[in-house]
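> Next come a sequence and a model predicted from it.
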Amino acid sequence: TAGWAEWIIINAGGIQVVRLIHRTMAMIFVAQFVFHILYVSWLYFVKHRKMTMVPTLKDFRDVLDDMRYTFGLRDKSPQYDRYDYRQKFEYWGLMFGSTVLILTGFTLMFPVTITKVLPGQFVAAAVEFHGYEATLAVLTIVIWHLYDVMFRPGIFPTDTVIFTGRISRQRIAEEHSLEYPDIAAEELAKEHRAEPVQDTTREPDTV
C-alpha cells in the first residue's frame, strides 16, 4: 500500500502483470534450487566428493580467532580450507532462506488447497514469513554479499571468479592456505602424467 510500491505496480502493467512476473521468477528460482540439490547429491553419492561446505568445529573456532585478529589480540588471521566460515554461513543462510521462501510461496499461491489440509493460520503465517525472509535476503545481499564480492580490499571493483571460474594462485595461498598444498600436489601429478615416456630401448644419439 506504499505510494512508491503502487507507482511501480501501475507502471509495470498492473497487479496481474506483477503477480505473473513474480510467479514466473519464483518457478525459475524453485527449478534452480531443485537442480542444485540434485547436483550436490550426485556429487556426493555418485562421484564421492567431500562435503566441503558442511560446517565443522573449526569454523566456530575460526570465528573467534578472526575476531581476536581483528581486534589485535592475535598476530595472524585463521587459515581456511576450500571455504571459510563466512562463505559457509552465507551458503546455508541461502539454503534455509530458500526453503522458507519456497514453502511459504506455494502456500500463498494455493491457499485454498493448503487450508484443506492445514489450519487457516498457516496462510497468515506464510504472509509474514515470506515477506520478512525476502527482506532479510535483500539486506544480506546488500550489506554482506556485495561488500564481500565487490568492495572488500583486494577485490574491488569486483570478484571476477563468478565470470571466469578461476582464482589466482596468490589468492588461494592467502585465502585458502589449507587447500593450497592439495591443489599444488594435484597440479604436479597432472604435469607428471602429461610428460612423454622416453623410449629406453634405443641407443642415445651421439654427436
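In hand now; what should we look at?
> contacts, neighbours, all on C-alpha from now
Fine.
> how close does residue 87 get to residue 16?
38 Å (CA to CA, to the nearest Å).
> send the alpha carbons of stretch 9-20 over as PDB?
Taking C-alpha atoms only, stretch 9-20 is exported to PDB below (Å, rounded to 0.1, in the frame of the first residue of the first chain):
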ATOM      1  CA  ILE A   9       2.800  -1.800  -9.900                       C
ATOM      2  CA  ILE A  10       0.800   0.600 -12.000                       C
ATOM      3  CA  ASN A  11       3.700   1.400 -14.400                       C
ATOM      4  CA  ALA A  12       4.600  -2.300 -14.600                       C
ATOM      5  CA  GLY A  13       1.200  -3.000 -16.100                       C
ATOM      6  CA  GLY A  14      -1.000  -3.600 -13.000                       C
ATOM      7  CA  ILE A  15      -1.200  -6.100 -10.200                       C
ATOM      8  CA  GLN A  16      -2.000  -9.100 -12.500                       C
ATOM      9  CA  VAL A  17       1.200  -8.500 -14.600                       C
ATOM     10  CA  VAL A  18       3.300  -8.000 -11.500                       C
ATOM     11  CA  ARG A  19       1.900 -11.200 -10.000                       C
ATOM     12  CA  LEU A  20       2.700 -13.100 -13.200                       C
END
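> one step back: comparing residue 87 and residue 16, which residue is more hemmed in?
When residue 87 and residue 16 are compared for neighbours, residue 87 comes out ahead with 14 against 11, by other CA atoms under 10 Å.
> how far out from the middle of the chain is the longest helix anywhere in the chain?
Using DSSP state H, we find that the single longest helix of the chain is helix 15-45. Distance, stretch centre to chain centre, for helix 15-45: 15 Å (CA atoms, centre = their mean, to the nearest Å).
> got it, and stretch 163-179?
For stretch 163-179 - counting by CA atoms, centre = their mean - the centre lies 16 Å from the chain centre.
> Touching that stretch from outside, list them.
The contact list for stretch 163-179 (CA atoms under 8 Å, 6 or more residues apart in numbering) reads 79-84, 161, 180.
> end to end, how far does that stretch reach?
22 Å.
> in the longest helix of the chain, what's buried?
For helix 15-45, the neighbour count (16 or more other CA atoms under 10 Å) marks 18, 26, 30, 33 as buried.
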